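> here is the input, now give the coordinates:
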Amino acid sequence: MSRTPGILASWRRAPSLCVQKGSQSARHTCHPEVPLGNCLPVYRANPLTVTCPWAEGLDQVVIHVGALSLKESQELAQHAAEIGADGIAVIAPFFLKPWTKDILINFLKEVAAAAPALPFYYYHIPALTGVKIRAEELLDGIQDKIPTFQGLKFSDTDLLDFGQCVDQNRQQQFAFLFGVDEQLLSALVMGATGAVGSTYNYLGKKTNQMLEAFERKDLSLALNYQFCIQRFINFVVKLGFGVSQTKAIMTLVSGIPMGPPRLPLQKASREFTDSAEAKLKSLDFLSFTDLKDGSLEASS
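Residues are numbered from 1 along each chain as shown. Sure, this is the predicted structure:
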């Protein structure tokens, strides 16, 4: 399932969780900003012209430089280095796909070489790219080819593959960022060092409560929070859930109009918005009890 709007991460490598009480948005333990992959060239005329002011005040910024063209990925990587990014991340090209591990590594190597001083991350999301190369296989010896490789965002439901990534690379100090929000607790148990996901924009409070419980080793309570999050995600998935619906939910929770999606996507229906609002309230996810129609107009 695709959940791409918003760029938020929760990390577990800091002494505290930095939880903001009462907030619906997940904060960052190390305050990084990492990509969800919705920034391919078809959606951006000049993406890095907006990155610089947007990133001001953030401790760490990892810029997604994936593209369908190797040359464009390299140019974006170079620009990321020039503006002082803290790292770059790359999704596999998915129009003309790499079908073997070696081909994919060669592609990633060329992108990483364009910004040799920046930490490099691979964004693994096979359901959208169609690149079915297992992450475990890709990581085997990857630092010999890409010395700046620091970790991956794993957006797949294959917990066997994820677990083997962690297990077979314990000495490497890689970052293992998990991207399937409804399975986060399972990934934490298996050794995930952080999470990146769009639902943290509006389910952040419950997610932080789950992280706190996990840090206290109260797995029963953490599981209750994960189940609560799953109830909402399961509900909206059955209604039909994607980018448009995510924007509508973010508007509901924040009270800030997120605007319509770009064509060919269509606005979320009013029926969806009403159903999602009722479910959010029933699960105590919604802080705003009196919403103005105007705040939903751009998203519903």
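> quick one: the helices in the chain?
Along the chain, the stretches classed as helices by DSSP state H are 48-55, 70-82, 101-113, 126-129, 135-139, 142-145, 159-167, 184-189, 204-215, 219-239, 243-254, 270-282, 293-296.
> okay, now the unreliable bits of this structure?
The chain contains residues with pLDDT under 70 at 1-57, 287-300.
> what about dumping the CA coordinates of stretch 112-121 to CSV?
The C-alpha trace of stretch 112-121 is given here as CSV (Å, rounded to 0.1, in the frame of the first residue of the first chain):
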residue,chain,number,x,y,z
ALA,A,112,26.7,7.7,-4.3
ALA,A,113,29.9,8.6,-6.1
ALA,A,114,28.4,11.9,-7.1
ALA,A,115,28.3,12.9,-3.5
PRO,A,116,31.2,11.0,-2.0
ALA,A,117,31.2,12.8,1.4
LEU,A,118,27.5,12.1,2.2
PRO,A,119,26.1,9.1,4.0
PHE,A,120,24.1,7.0,1.5
TYR,A,121,20.8,5.2,2.1
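> for it, buried residues please.
Using 16 or more other C-beta atoms under 10 Å as the test for burial, stretch 112-121 gives 112, 114, 115, 118, 119, 120, 121. (C-beta placed from N, C-alpha, C; glycine too.)
> do the same with stretch 160-175
Of the residues in stretch 160-175, those buried (16+ other C-beta under 10 Å) are 161, 162, 163, 164, 165, 166, 169, 174, 175.
> for stretch 187-197, same thing?
Neighbour-count burial for stretch 187-197 flags 187, 188, 190, 192, 193, 194, 195, 196, 197 (criterion: 16+ other C-beta under 10 Å).
> how about those residues in TSV, adding distance to residue 103?
As requested, the buried residues of stretch 187-197 are exported to TSV (distance: C-beta to C-beta, whole Å):
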residue	distance to residue 103
187	28
188	32
190	28
192	28
193	28
194	28
195	29
196	26
197	29
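> of those, closest to residue 97?
residue 196 (22.9 Å; C-beta to C-beta).
> now do residue 151: how many residues are near it, please.
Around residue 151 there are 22 other residues, counting by other C-beta atoms under 10 Å.
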